[in-house]
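**Student:** I would like to see how this sequence folds:
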Amino acid sequence: MRIVVFGPEQRVGAWEGEEIVDLNRADSQIPANLQAFVEMGEAALARAKAAIPRATVKAAAKDVALHAPWPGRRIACAGGNFGDHLVGMDINMRGEKDSTVEKTVARTRAGGNWGFWKVPVVVAGPEDDVPYPARTKYLDYEGEAAIVIGKRGKNIKAADIKDYVWGVTLMNDWSIRDGRSGPPRAMSFNMGKNFDMSASLGPSIVVGELDPQNVDVELRVNGDLRQRYNTKDMIFSFGEVLEFLSQDFTFYPGDVISGGTAAGTAADSTKTAPDGSRPTERFLKKGDVVEITSPKIGLLRNRIV
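**Tutor:** Presented below is the predicted three-dimensional model:
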């Protein structure tokens with residue numbers, strides 16, 4: 001089942017073929033709000049499955065405005081979680097010459113999980129414009145797969161991840177690359193990862209039909225393929241990230257964990273000159289269109305303005 005948020009009232013719908021089904025209007029016991037729908041758990045999904053075949057309130061998907069399928073909870077982001085991306089950062093951003101995927105993966109696993117939190121008030125959805133931050137010369141894209149948590153839990157074991165994943169979506173982790181690269185300093189505000197509209201989600205959340213550890217992701221800038229990978233190559237799996245974070249954080253329905261990005265970002269594919277300058281060609285400009293796709297989840301497209 002593909003769950004979306006649609007229309008001026010931002011209602012929960014099911015994307016079936018070429019149509020969007022208004023689930024609440026098909027069954028009044030199904031919440032129209034995404035957060036409430038996720039919190040209702042299996043009961044909501046069971047009612048949705050039963051309601052879809054008899055639904056009479058439908059709209060053509062091409063005529064419906066989709067919003068970010070974000071329940072409004074926290075967004076945790078795995079950092080440096082693909083070996084090929086880290087090798088590119090080592091060579092092109094930090095000037096290391098002997099970095100390899102094998103060395104990088106071993107070093108990263110030895111160092112342990114790290115990442116950051118996104119703290120947005122507004123998350124961009126499919127077809128939303130993303131404002132170019134005034135202070136940057138180096139705005140970057142990061143195509144990612146993300147999981148939505150469906151059950152409250154703490155001290156969760158990685159092996160139990162399937163009990164907590166409600167669904168899978170796509171995320172663009174927009175990033176300011178000016179200045180320091182690499183893991184943030186302790187107590188940093190992570191400004192390069194937290195600015196207005198610094199996250200996009202969508203277009204749908206796939207529930208019950210997609211293994212989060214086997215998601216194909218592609219990203220294009222103005223039609224040019226920049227990233228193509230599968231989440232099976234994550235250094236730390238979604239389960240390992242959830243286990244690490246849930247030592248201290250109770251997770252709640254609607255929380256999101258994004259899995260990190262692979263090679264092909266502007267930062268990992270642009271060589272820094274000896275004087276510290278970097279070409280800007282692969283970094284984003286106003287007017288650029290960035291598209292992230294995955295076969296079952298759909299197309300997340302944003303224009304930089």
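
**Student:** buried residues in the helix or strand of the chain with the lowest mean pLDDT?
**Tutor:** The least trusted helix or strand in the chain, going by mean pLDDT, DSSP states H and E, turns out to be strand 58-60, with a mean of 92. Across strand 58-60, burial judged by 16 or more other CB atoms under 10 Å covers Lys58. For every residue, glycine as well, the C-beta is placed using N, CA and C.

**Student:** which outside residues touch that strand?
**Tutor:** Residues from elsewhere that reach strand 58-60, judged by CB atoms under 8 Å, 6 or more residues apart in numbering: Phe6, Gly7, Glu18, Glu19, Ile20, Val21, Asp22.

**Student:** Between the residues you listed, identify the one with the most neighbours.
**Tutor:** Compared across those, Ile20 has the highest neighbour count, 26 neighbours, by other CB atoms under 10 Å.

**Student:** how about the contacts of strand 58-60, which pair is most distant?
**Tutor:** Gly7 and Glu18 (16.5 Å; CB to CB).

**Student:** Need the distance between the two termini of stretch 256-265.
**Tutor:** 22 Å (CA to CA, to the nearest Å).

**Student:** Quick one: distance of it to the chain centre.
**Tutor:** With CA atoms, centre = their mean, to the nearest Å as the basis, stretch 256-265 stands 7 Å off its chain's centre.

**Student:** So which residues of the stretch 51-200 of the chain form strands?
**Tutor:** If you assign secondary structure with DSSP state E, counting those that start in this stretch, the strands in the stretch 51-200 of the chain sit at 58-60, 66-67, 75-78, 115-118, 129-130, 139-140, 143-149, 165-173, 175-176, 199-206.

**Student:** By mean pLDDT, show me the worst of the ones you listed.
**Tutor:** Confidence, taken as mean pLDDT, is least for strand 58-60 of those (a mean of 92).

**Student:** Any idea how far that strand is from the middle of the chain?
**Tutor:** Offset of strand 58-60 from its chain centre (CA atoms, centre = their mean): 26 Å.

**Student:** That strand - which strands sit beside it in the sheet, and in what orientation?
**Tutor:** Strand 58-60 pairs in its sheet with strand 19-22 (antiparallel), by DSSP bridges.

**Student:** thinking again about what came up before, okay, the contacts of strand 58-60 in JSON lines with pLDDT and distance to Lys137 next?
**Tutor:** Listed next are the contacts of strand 58-60 as JSON lines, based on pLDDT from 0 to 100; distance: CB to CB, whole Å:
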{"residue": "Phe6", "pLDDT": "97", "distance to Lys137": "36"}
{"residue": "Gly7", "pLDDT": "96", "distance to Lys137": "38"}
{"residue": "Glu18", "pLDDT": "94", "distance to Lys137": "42"}
{"residue": "Glu19", "pLDDT": "96", "distance to Lys137": "44"}
{"residue": "Ile20", "pLDDT": "97", "distance to Lys137": "40"}
{"residue": "Val21", "pLDDT": "97", "distance to Lys137": "45"}
{"residue": "Asp22", "pLDDT": "97", "distance to Lys137": "44"}
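
**Student:** Check these against Leu66 and report the nearest one.
**Tutor:** Of all the contacts of strand 58-60, Leu66 sits closest to Phe6, with 5.4 Å by CB to CB.

**Student:** and the gap between the closest one and Lys154?
**Tutor:** In this view, Phe6 and Lys154 are 33 Å apart by CB to CB, to the nearest Å.

**Student:** in which helix or strand would I find Ile257?
**Tutor:** Element membership for Ile257 (DSSP states H and E) is strand 256-258.

**Student:** Can you pull the phi/psi pair for the closest residue to Ile91 other than its chain neighbours?
**Tutor:** Spatial nearest neighbour of Ile91, chain neighbours left out: Ser99 (5.6 Å); criterion: CB to CB, 6 or more residues apart in numbering. Backbone torsions for Ser99, taken as degrees, to the nearest 10, come to phi -70, psi 140.

**Student:** what's the burial count for Ser99?
**Tutor:** Neighbour count for Ser99, taken as other CB under 10 Å: 18.

**Student:** now it: how far from Leu86?
**Tutor:** 8 Å.

**Student:** likewise Leu34?
**Tutor:** With distances taken as CB to CB, Leu34 is found 34 Å from Leu86.

**Student:** quick one: low-confidence parts of this structure?
**Tutor:** 180-187 (pLDDT under 70).

**Student:** domain assignment for it?
**Tutor:** Domains of the chain are assigned by automatic domain parsing as 2-67, 75-304.
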